[in-house]
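Visitor: No sequence on hand, only this structure:
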Ligand SMILES: Nc1ncnc2c1ncn2[C@@H]1O[C@H](COP(=O)(O)OP(=O)(O)O)[C@@H](O)[C@H]1O
Ligand SMILES: CC(C)(COP(=O)(O)O)[C@@H](O)C(=O)NCCC(=O)O
(Lines give C-alpha, C1' and ligand atoms only; values in the text may rest on other atoms or scores of the structure.)
(Ligands and ions follow the chains in the order given, each with its own letter.)
Protein backbone atom coordinates (compact mmCIF):
# COMPACT_ATOMS: atom_id res chain seq x y z
CA UNK A 1 0.00 0.00 0.00
CA UNK A 2 1.27 3.50 -0.79
CA UNK A 3 2.11 5.81 2.09
CA UNK A 4 -0.55 8.38 1.14
CA UNK A 5 -3.27 5.75 0.95
CA UNK A 6 -2.19 4.30 4.30
CA UNK A 7 -2.30 7.71 5.90
CA UNK A 8 -5.76 8.38 4.48
CA UNK A 9 -6.89 5.05 5.91
CA UNK A 10 -5.55 6.09 9.29
CA UNK A 11 -7.38 9.39 9.18
CA UNK A 12 -10.68 7.74 8.41
CA UNK A 13 -10.49 4.35 10.13
CA UNK A 14 -13.35 3.74 12.54
CA UNK A 15 -14.38 3.47 15.32
CA UNK A 16 -13.63 6.88 16.81
CA UNK A 17 -13.57 7.07 20.59
CA UNK A 18 -12.32 9.53 23.16
CA UNK A 19 -11.92 8.31 26.70
CA UNK A 20 -11.42 10.24 29.93
CA UNK A 21 -10.50 7.90 32.77
CA UNK A 22 -11.12 10.02 35.86
CA UNK A 23 -10.74 9.48 39.59
CA UNK A 24 -14.41 8.45 39.91
CA UNK A 25 -16.00 8.15 36.47
CA UNK A 26 -14.75 7.06 33.09
CA UNK A 27 -16.28 9.03 30.25
CA UNK A 28 -16.43 7.63 26.73
CA UNK A 29 -17.44 9.67 23.69
CA UNK A 30 -18.25 7.65 20.59
CA UNK A 31 -18.69 9.03 17.07
CA UNK A 32 -21.36 7.18 15.08
CA UNK A 33 -20.99 7.92 11.35
CA UNK A 34 -24.35 8.60 9.68
CA UNK A 35 -23.05 9.16 6.16
CA UNK A 36 -22.00 5.61 5.39
CA UNK A 37 -22.14 4.92 1.66
CA UNK A 38 -23.46 1.56 0.34
CA UNK A 39 -19.89 0.71 -0.73
CA UNK A 40 -18.58 1.45 2.70
CA UNK A 41 -21.38 -0.59 4.23
CA UNK A 42 -20.41 -3.59 2.11
CA UNK A 43 -16.80 -3.33 3.18
CA UNK A 44 -17.51 -2.58 6.80
CA UNK A 45 -16.29 -5.21 9.21
CA UNK A 46 -18.97 -7.21 10.99
CA UNK A 47 -17.41 -6.44 14.39
CA UNK A 48 -17.50 -2.71 13.71
CA UNK A 49 -21.17 -2.89 12.76
CA UNK A 50 -21.94 -4.86 15.91
CA UNK A 51 -20.07 -2.44 18.15
CA UNK A 52 -21.96 0.46 16.61
CA UNK A 53 -25.28 -1.31 17.13
CA UNK A 54 -24.42 -2.32 20.68
CA UNK A 55 -23.43 1.21 21.69
CA UNK A 56 -26.23 3.07 19.97
CA UNK A 57 -29.17 0.74 20.58
CA UNK A 58 -28.57 0.34 24.33
CA UNK A 59 -28.44 2.94 27.06
CA UNK A 60 -27.14 0.69 29.86
CA UNK A 61 -23.99 -1.40 29.66
CA UNK A 62 -22.73 -3.89 32.22
CA UNK A 63 -23.13 -3.02 35.90
CA UNK A 64 -22.47 0.74 35.93
CA UNK A 65 -22.41 1.88 32.30
CA UNK A 66 -24.91 4.51 31.15
CA UNK A 67 -25.40 6.41 27.93
CA UNK A 68 -26.61 9.95 28.55
CA UNK A 69 -29.08 9.95 25.67
CA UNK A 70 -30.23 13.51 26.45
CA UNK A 71 -26.71 14.74 25.64
CA UNK A 72 -26.42 13.06 22.24
CA UNK A 73 -25.20 15.47 19.53
CA UNK A 74 -26.52 14.84 16.02
CA UNK A 75 -25.40 16.07 12.64
CA UNK A 76 -21.88 16.81 13.81
CA UNK A 77 -19.00 17.08 11.36
CA UNK A 78 -15.65 15.67 12.41
CA UNK A 79 -12.78 15.07 9.97
CA UNK A 80 -15.17 15.48 7.04
CA UNK A 81 -17.53 12.80 8.36
CA UNK A 82 -21.10 13.48 9.51
CA UNK A 83 -22.61 11.65 12.40
CA UNK A 84 -23.74 11.60 16.00
CA UNK A 85 -21.76 11.82 19.20
CA UNK A 86 -22.78 9.50 22.02
CA UNK A 87 -21.87 10.13 25.64
CA UNK A 88 -21.28 7.15 27.89
CA UNK A 89 -20.00 6.90 31.48
CA UNK A 90 -19.18 4.16 33.95
CA UNK A 91 -17.50 3.90 37.34
CA UNK A 92 -13.72 3.82 37.01
CA UNK A 93 -13.71 1.04 39.65
CA UNK A 94 -15.47 -1.04 36.98
CA UNK A 95 -12.54 -0.81 34.54
CA UNK A 96 -11.76 -4.53 34.54
CA UNK A 97 -15.38 -5.32 33.59
CA UNK A 98 -15.20 -2.72 30.83
CA UNK A 99 -12.08 -4.35 29.44
CA UNK A 100 -13.75 -7.75 29.60
CA UNK A 101 -16.78 -6.40 27.75
CA UNK A 102 -14.56 -4.74 25.14
CA UNK A 103 -12.90 -8.10 24.61
CA UNK A 104 -16.23 -9.94 24.35
CA UNK A 105 -17.51 -7.47 21.78
CA UNK A 106 -14.45 -8.02 19.62
CA UNK A 107 -13.10 -4.52 20.15
CA UNK A 108 -9.62 -5.83 20.85
CA UNK A 109 -9.49 -7.32 17.37
CA UNK A 110 -10.54 -4.08 15.73
CA UNK A 111 -8.91 -1.33 17.73
CA UNK A 112 -5.27 -1.30 18.64
CA UNK A 113 -4.93 2.25 19.95
CA UNK A 114 -7.40 4.17 22.11
CA UNK A 115 -7.12 7.91 22.67
CA UNK A 116 -7.33 8.46 26.40
CA UNK A 117 -6.95 11.21 28.94
CA UNK A 118 -7.33 11.60 32.71
CA UNK A 119 -5.18 10.05 35.42
CA UNK A 120 -6.44 6.58 34.50
CA UNK A 121 -4.82 6.82 31.08
CA UNK A 122 -1.56 6.45 32.97
CA UNK A 123 -2.79 4.19 35.77
CA UNK A 124 -4.51 1.62 33.54
CA UNK A 125 -2.07 1.65 30.64
CA UNK A 126 -0.67 -1.79 31.46
CA UNK A 127 -4.12 -3.33 31.99
CA UNK A 128 -5.21 -2.13 28.54
CA UNK A 129 -2.11 -3.62 26.98
CA UNK A 130 -2.15 -6.90 28.89
CA UNK A 131 -5.89 -7.63 28.90
CA UNK A 132 -7.02 -6.38 25.48
CA UNK A 133 -3.78 -5.70 23.68
CA UNK A 134 -4.64 -2.02 23.23
CA UNK A 135 -2.22 0.86 23.38
CA UNK A 136 -3.30 4.13 24.96
CA UNK A 137 -2.48 7.33 23.08
CA UNK A 138 -2.36 9.67 26.06
CA UNK A 139 -3.48 13.30 26.04
CA UNK A 140 -3.38 15.84 28.83
CA UNK A 141 -6.72 16.18 30.62
CA UNK A 142 -6.68 19.98 30.85
CA UNK A 143 -5.70 20.43 27.18
CA UNK A 144 -8.52 18.13 26.08
CA UNK A 145 -10.97 19.72 28.51
CA UNK A 146 -10.58 23.09 26.80
CA UNK A 147 -10.63 21.59 23.28
CA UNK A 148 -13.86 19.76 24.13
CA UNK A 149 -15.52 22.88 25.53
CA UNK A 150 -14.68 24.99 22.48
CA UNK A 151 -15.94 22.30 20.10
CA UNK A 152 -19.22 21.79 22.02
CA UNK A 153 -19.83 25.52 22.12
CA UNK A 154 -19.56 25.76 18.33
CA UNK A 155 -21.71 22.67 17.70
CA UNK A 156 -24.44 23.38 20.20
CA UNK A 157 -25.96 26.88 20.28
CA UNK A 158 -27.53 26.20 23.69
CA UNK A 159 -24.46 24.64 25.31
CA UNK A 160 -23.78 27.50 27.70
CA UNK A 161 -26.22 28.86 30.27
CA UNK A 162 -26.43 31.01 33.37
CA UNK A 163 -28.98 31.59 36.11
CA UNK A 164 -31.16 34.66 35.83
CA UNK A 165 -32.15 36.26 39.16
CA UNK A 166 -29.19 34.53 40.74
CA UNK A 167 -29.59 36.60 43.92
CA UNK A 168 -32.89 34.91 44.69
CA UNK A 169 -32.19 31.18 44.69
CA UNK A 170 -35.90 30.30 44.88
CA UNK A 171 -36.58 32.31 41.72
CA UNK A 172 -33.36 31.85 39.75
CA UNK A 173 -33.87 30.27 36.33
CA UNK A 174 -31.69 28.71 33.67
CA UNK A 175 -31.13 30.90 30.58
CA UNK A 176 -29.00 30.45 27.44
CA UNK A 177 -25.74 32.42 27.35
CA UNK A 178 -23.89 33.45 24.19
CA UNK A 179 -20.41 32.03 24.74
CA UNK A 180 -19.19 32.55 21.19
CA UNK A 181 -16.61 35.11 22.37
CA UNK A 182 -15.42 33.26 25.44
CA UNK A 183 -12.00 34.75 26.31
CA UNK A 184 -10.78 35.33 28.89
CA UNK A 185 -12.49 33.12 31.42
CA UNK A 186 -11.90 31.14 34.59
CA UNK A 187 -12.61 27.44 34.18
CA UNK A 188 -13.46 25.40 37.27
CA UNK A 189 -13.47 21.64 36.72
CA UNK A 190 -15.25 19.98 39.62
CA UNK A 191 -14.48 16.29 39.32
CA UNK A 192 -13.23 14.10 42.17
CA UNK A 193 -10.98 17.05 43.02
CA UNK A 194 -11.06 20.57 41.60
CA UNK A 195 -8.76 22.20 39.04
CA UNK A 196 -9.03 25.92 38.29
CA UNK A 197 -7.66 27.36 35.07
CA UNK A 198 -7.35 30.84 33.64
CA UNK A 199 -8.06 30.55 29.91
CA UNK A 200 -6.79 33.35 27.67
CA UNK A 201 -7.18 31.72 24.24
CA UNK A 202 -7.72 28.34 22.55
CA UNK A 203 -4.13 27.24 23.22
CA UNK A 204 -3.29 29.60 25.99
CA UNK A 205 -4.17 28.79 29.57
CA UNK A 206 -2.62 28.17 32.98
CA UNK A 207 -3.73 26.14 35.98
CA UNK A 208 -4.05 28.81 38.66
CA UNK A 209 -5.39 26.81 41.57
CA UNK A 210 -7.10 23.68 42.76
CA UNK A 211 -8.55 22.06 45.84
CA UNK A 212 -8.86 18.51 47.07
CA UNK A 213 -12.32 19.36 48.43
CA UNK A 214 -14.34 18.41 45.35
CA UNK A 215 -17.04 16.08 44.10
CA UNK A 216 -15.27 13.07 45.58
CA UNK A 217 -15.26 14.76 48.99
CA UNK A 218 -18.98 15.48 48.80
CA UNK A 219 -19.77 11.90 47.85
CA UNK A 220 -17.35 10.37 50.36
CA UNK A 221 -18.51 12.49 53.30
CA UNK A 222 -22.15 12.02 52.37
CA UNK A 223 -21.78 8.23 52.30
CA UNK A 224 -20.09 8.36 55.71
CA UNK A 225 -22.61 10.71 57.30
CA UNK A 226 -25.87 9.37 55.83
CA UNK A 227 -25.14 5.79 54.84
CA UNK A 228 -26.15 6.54 51.24
CA UNK A 229 -24.56 4.53 48.46
CA UNK A 230 -24.60 6.62 45.32
CA UNK A 231 -24.27 10.16 44.03
CA UNK A 232 -27.89 10.17 42.89
CA UNK A 233 -29.04 9.12 46.38
CA UNK A 234 -26.82 11.76 47.99
CA UNK A 235 -28.32 14.48 45.78
CA UNK A 236 -31.86 13.25 46.46
CA UNK A 237 -31.25 13.41 50.20
CA UNK A 238 -29.67 16.87 49.91
CA UNK A 239 -32.70 18.14 47.97
CA UNK A 240 -34.94 17.40 50.96
CA UNK A 241 -32.59 18.64 53.68
CA UNK A 242 -31.83 21.95 55.40
CA UNK A 243 -28.22 22.96 56.07
CA UNK A 244 -29.31 25.57 58.62
CA UNK A 245 -29.91 22.80 61.14
CA UNK A 246 -26.30 21.69 60.79
CA UNK A 247 -24.33 24.87 60.09
CA UNK A 248 -23.83 27.83 62.40
CA UNK A 249 -25.18 30.95 60.68
CA UNK A 250 -24.11 34.55 61.21
CA UNK A 251 -27.42 35.09 63.02
CA UNK A 252 -26.70 32.17 65.39
CA UNK A 253 -23.62 34.12 66.48
CA UNK A 254 -24.72 37.78 66.12
CA UNK A 255 -28.46 37.39 66.67
CA UNK A 256 -28.92 39.09 63.27
CA UNK A 257 -26.75 40.61 60.53
CA UNK A 258 -23.11 41.59 60.98
CA UNK A 259 -23.77 44.85 59.19
CA UNK A 260 -20.37 46.44 59.24
CA UNK A 261 -18.97 43.92 56.75
CA UNK A 262 -22.17 43.15 54.90
CA UNK A 263 -22.59 39.69 56.44
CA UNK A 264 -26.31 38.96 56.51
CA UNK A 265 -27.77 36.85 59.30
CA UNK A 266 -28.63 33.89 57.06
CA UNK A 267 -25.07 33.51 55.77
CA UNK A 268 -23.20 30.38 56.88
CA UNK A 269 -20.64 31.51 59.45
CA UNK A 270 -19.36 28.02 60.22
CA UNK A 271 -20.10 24.91 58.19
CA UNK A 272 -21.23 22.05 60.46
CA UNK A 273 -20.78 24.56 63.31
CA UNK A 274 -23.77 23.28 65.31
CA UNK A 275 -22.74 19.66 65.29
CA UNK A 276 -20.62 19.86 68.44
CA UNK A 277 -23.86 20.36 70.41
CA UNK A 278 -25.32 16.99 71.41
CA UNK A 279 -29.00 18.04 71.24
CA UNK A 280 -28.58 19.57 67.80
CA UNK A 281 -26.74 16.51 66.65
CA UNK A 282 -29.56 14.22 67.69
CA UNK A 283 -32.21 16.33 65.93
CA UNK A 284 -30.65 16.50 62.45
CA UNK A 285 -31.79 14.18 59.69
CA UNK A 286 -29.76 12.39 57.00
CA UNK A 287 -31.27 14.86 54.54
CA UNK A 288 -29.98 17.85 56.56
CA UNK A 289 -26.51 16.32 56.73
CA UNK A 290 -26.48 15.66 52.98
CA UNK A 291 -27.61 19.22 52.26
CA UNK A 292 -25.00 20.70 54.61
CA UNK A 293 -22.26 18.61 52.99
CA UNK A 294 -23.31 19.80 49.54
CA UNK A 295 -23.49 23.44 50.65
CA UNK A 296 -20.10 23.23 52.40
CA UNK A 297 -18.27 21.80 49.40
CA UNK A 298 -20.05 24.10 46.93
CA UNK A 299 -19.41 27.29 48.92
CA UNK A 300 -15.75 26.43 49.32
CA UNK A 301 -15.35 25.89 45.58
CA UNK A 302 -17.24 29.13 44.89
CA UNK A 303 -15.03 31.05 47.26
CA UNK A 304 -11.76 29.81 45.70
CA UNK A 305 -13.11 30.36 42.18
CA UNK A 306 -14.07 33.93 43.04
CA UNK A 307 -10.61 34.70 44.38
CA UNK A 308 -9.06 33.28 41.21
CA UNK A 309 -11.32 35.48 39.05
CA UNK A 310 -10.34 38.49 41.14
CA UNK A 311 -6.63 37.69 40.86
CA UNK A 312 -6.83 37.15 37.12
CA UNK A 313 -9.17 40.13 36.60
CA UNK A 314 -11.69 37.98 34.74
CA UNK A 315 -15.47 38.30 34.95
CA UNK A 316 -16.68 34.95 33.58
CA UNK A 317 -16.38 31.80 35.66
CA UNK A 318 -17.32 28.58 33.87
CA UNK A 319 -18.09 25.56 36.05
CA UNK A 320 -17.88 22.05 34.59
CA UNK A 321 -17.40 18.47 35.84
CA UNK A 322 -19.77 15.73 36.87
CA UNK A 323 -20.22 17.12 40.38
CA UNK A 324 -22.77 19.39 38.68
CA UNK A 325 -24.68 16.42 37.18
CA UNK A 326 -28.32 16.42 38.32
CA UNK A 327 -27.23 19.02 40.85
CA UNK A 328 -29.12 22.34 40.45
CA UNK A 329 -28.63 23.10 44.15
CA UNK A 330 -24.89 23.58 43.63
CA UNK A 331 -25.28 25.44 40.34
CA UNK A 332 -27.75 27.92 41.83
CA UNK A 333 -25.57 28.33 44.89
CA UNK A 334 -22.49 29.00 42.74
CA UNK A 335 -24.45 31.48 40.62
CA UNK A 336 -25.60 33.21 43.81
CA UNK A 337 -22.11 33.25 45.32
CA UNK A 338 -20.49 34.75 42.20
CA UNK A 339 -23.18 37.41 41.93
CA UNK A 340 -23.48 38.29 45.63
CA UNK A 341 -19.81 38.43 46.59
CA UNK A 342 -18.80 40.41 43.50
CA UNK A 343 -21.70 42.85 43.62
CA UNK A 344 -22.86 41.59 40.27
CA UNK A 345 -19.55 41.87 38.42
CA UNK A 346 -18.87 38.11 38.17
CA UNK A 347 -21.01 35.72 36.16
CA UNK A 348 -21.21 31.99 36.80
CA UNK A 349 -21.66 29.98 33.60
CA UNK A 350 -22.45 26.31 33.10
CA UNK A 351 -22.26 23.89 30.18
CA UNK A 352 -24.73 21.15 29.22
CA UNK A 353 -22.14 18.43 28.63
CA UNK A 354 -20.79 18.94 32.17
CA UNK A 355 -18.27 16.13 32.62
CA UNK A 356 -17.68 14.99 29.04
CA UNK A 357 -15.38 17.68 27.64
CA UNK A 358 -12.13 15.84 28.38
CA UNK A 359 -13.32 12.75 26.53
CA UNK A 360 -14.73 14.86 23.68
CA UNK A 361 -11.49 16.83 23.33
CA UNK A 362 -9.63 13.54 23.33
CA UNK A 363 -11.71 12.22 20.42
CA UNK A 364 -10.95 15.40 18.49
CA UNK A 365 -7.25 15.11 19.29
CA UNK A 366 -7.11 11.87 17.35
CA UNK A 367 -5.84 14.05 14.50
CA UNK A 368 -2.97 15.07 16.73
CA UNK A 369 -2.17 11.44 17.39
CA UNK A 370 -2.12 10.78 13.68
CA UNK A 371 0.08 13.82 13.11
CA UNK A 372 2.55 12.56 15.72
CA UNK A 373 2.48 9.12 14.21
CA UNK A 374 2.85 10.65 10.76
CA UNK A 375 6.06 12.32 11.78
CA UNK A 376 7.35 9.09 13.21
CA UNK A 377 6.46 7.27 10.01
CA UNK A 378 7.94 9.92 7.80
CA UNK A 379 11.17 9.73 9.77
CA UNK A 380 11.19 5.96 9.68
CA UNK A 381 10.43 5.82 5.99
CA UNK A 382 13.16 8.33 5.26
CA UNK A 383 15.59 6.19 7.20
CA UNK A 384 14.62 2.92 5.60
CA UNK A 385 13.62 4.21 2.16
CA UNK A 386 10.92 1.55 2.21
CA UNK A 387 7.80 3.63 2.37
CA UNK A 388 5.39 0.93 1.25
CA UNK A 389 6.43 -1.56 3.90
CA UNK A 390 6.32 1.12 6.56
CA UNK A 391 2.85 2.23 5.60
CA UNK A 392 1.52 -1.32 5.78
CA UNK A 393 3.00 -1.86 9.23
CA UNK A 394 1.72 1.53 10.32
CA UNK A 395 -1.85 0.88 9.21
CA UNK A 396 -1.99 -2.18 11.44
CA UNK A 397 -0.91 -0.28 14.52
CA UNK A 398 -3.76 2.21 14.66
CA UNK A 399 -7.35 1.25 13.78
CA UNK A 400 -8.40 -1.03 11.02
CA UNK A 401 -11.84 -1.43 9.51
CA UNK A 402 -10.72 -3.64 6.74
CA UNK A 403 -9.37 -6.74 8.43
CA UNK A 404 -11.88 -8.30 10.80
CA UNK A 405 -10.55 -11.43 12.44
CA UNK A 406 -13.83 -12.80 13.73
CA UNK A 407 -17.53 -12.75 13.07
CA UNK A 408 -18.91 -11.89 16.47
CA UNK A 409 -22.59 -11.10 15.97
CA UNK A 410 -23.61 -10.77 19.61
CA UNK A 411 -25.02 -7.29 20.14
CA UNK A 412 -27.16 -7.80 23.22
CA UNK A 413 -26.80 -5.78 26.39
CA UNK A 414 -24.47 -7.47 28.84
N1 LIG B 1 -23.07 8.41 38.83
C2 LIG B 1 -22.09 8.99 39.55
N3 LIG B 1 -21.26 8.23 40.30
C4 LIG B 1 -20.28 8.78 41.03
N5 LIG B 1 -20.07 10.12 41.09
C6 LIG B 1 -20.85 10.93 40.38
C7 LIG B 1 -21.90 10.41 39.56
N8 LIG B 1 -22.51 11.44 38.94
C9 LIG B 1 -21.90 12.55 39.35
N10 LIG B 1 -20.89 12.27 40.22
C11 LIG B 1 -20.04 13.29 40.85
O12 LIG B 1 -19.05 13.60 39.91
C13 LIG B 1 -17.74 13.50 40.48
C14 LIG B 1 -16.79 13.01 39.43
O15 LIG B 1 -16.78 13.96 38.41
P16 LIG B 1 -15.94 13.78 37.08
O17 LIG B 1 -15.98 15.09 36.38
O18 LIG B 1 -16.40 12.62 36.33
O19 LIG B 1 -14.51 13.60 37.71
P20 LIG B 1 -13.39 12.44 37.61
O21 LIG B 1 -12.78 12.68 36.27
O22 LIG B 1 -12.48 12.74 38.74
O23 LIG B 1 -14.05 11.12 37.73
C24 LIG B 1 -17.92 12.54 41.66
O25 LIG B 1 -16.95 12.78 42.65
C26 LIG B 1 -19.32 12.88 42.12
O27 LIG B 1 -19.31 13.99 42.97
C1 LIG C 1 -5.47 15.64 40.30
C2 LIG C 1 -6.67 16.13 39.51
C3 LIG C 1 -6.20 17.02 38.36
C4 LIG C 1 -7.37 14.89 38.90
O5 LIG C 1 -8.55 15.28 38.19
P6 LIG C 1 -10.02 14.64 38.52
O7 LIG C 1 -9.94 13.16 38.25
O8 LIG C 1 -10.31 14.93 39.95
O9 LIG C 1 -10.97 15.34 37.59
C10 LIG C 1 -7.69 16.90 40.41
O11 LIG C 1 -8.26 16.02 41.32
C12 LIG C 1 -7.10 18.10 41.17
O13 LIG C 1 -6.72 19.05 40.58
N14 LIG C 1 -7.08 18.01 42.50
C15 LIG C 1 -6.76 19.11 43.40
C16 LIG C 1 -5.30 19.15 43.73
C17 LIG C 1 -4.97 20.47 44.43
O18 LIG C 1 -4.76 21.48 43.73
O19 LIG C 1 -4.99 20.50 45.65
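Guide: Okay, I see it. Just so it is clear, the model here is predicted, and its values are computed rather than measured. Ligands and ions are numbered 1, 2, ... in the order given.
Visitor: show me where the stretch 301-414 of the chain has helices.
Guide: Applying DSSP state H, counting those that start in this stretch to the stretch 301-414 of the chain gives helices spanning 328-341, 357-364, 366-384, 387-397.
Visitor: isn't residue 237 right next to residue 292, touching?
Guide: No: Residue 237 is not in contact with residue 292 according to Cβ atoms under 8 Å; the separation is 10.8 Å. No exception for glycine: its C-beta is placed from N, CA and C like everyone else's.
Visitor: Count the neighbours of residue 71 for me.
Guide: By other Cβ atoms under 10 Å, 18 other residues sit near residue 71.
Visitor: wait, is residue 27 part of a helix?
Guide: No: counting by DSSP: H, G, I helix; E, B strand; the rest coil, residue 27 is not found in a helix; it is strand.
Visitor: Contact partners for it?
Guide: The contact partners of residue 27, taken as Cβ atoms under 8 Å, 6 or more residues apart in numbering, are 19, 20, 87, 88, 89, 355, 356, 358, 359.
Visitor: Then residue 288?
Guide: The contact partners of residue 288, by Cβ under 8 Å, 6+ apart, come to 241, 242, 243, 245, 246.
Visitor: quick one: the last one from ligand 1, how far?
Guide: Here the criterion is Cβ to the nearest ligand atom, to the nearest Å. By it, residue 246 lies 19 Å from ligand 1.
Visitor: Grab the nearest non-local neighbour of that residue.
Guide: Leaving aside its sequence neighbours, residue 246 sits nearest to residue 292 (Cβ to Cβ, 6 or more residues apart in numbering; 3.6 Å).
Visitor: Now name the helix or strand holding that neighbour.
Guide: Take DSSP states H and E as the rule and residue 292 turns out to sit in helix 286-312.
Visitor: What residues of that helix count as buried?
Guide: 286-302, 304-306, 308-309, 312 (16 or more other Cβ atoms under 10 Å).
Visitor: and what of stretch 115-127?
Guide: For stretch 115-127, a neighbour-count test (16+ other Cβ under 10 Å) marks 115, 116, 117, 118, 120, 121, 124, 125, 127 as buried.
Visitor: near ligand 2 too, which of the residues you listed?
Guide: Among these, the residues that sit close to ligand 2 (Cβ under 6 Å from any ligand atom) are residue 118.
Visitor: Among the buried residues of stretch 115-127, which one sits closest to residue 95?
Guide: Of all the buried residues of stretch 115-127, residue 95 sits closest to residue 124, with 5.7 Å by Cβ to Cβ.
Visitor: per-residue pLDDT, the closest one?
Guide: Per-residue pLDDT puts residue 124 at 98.
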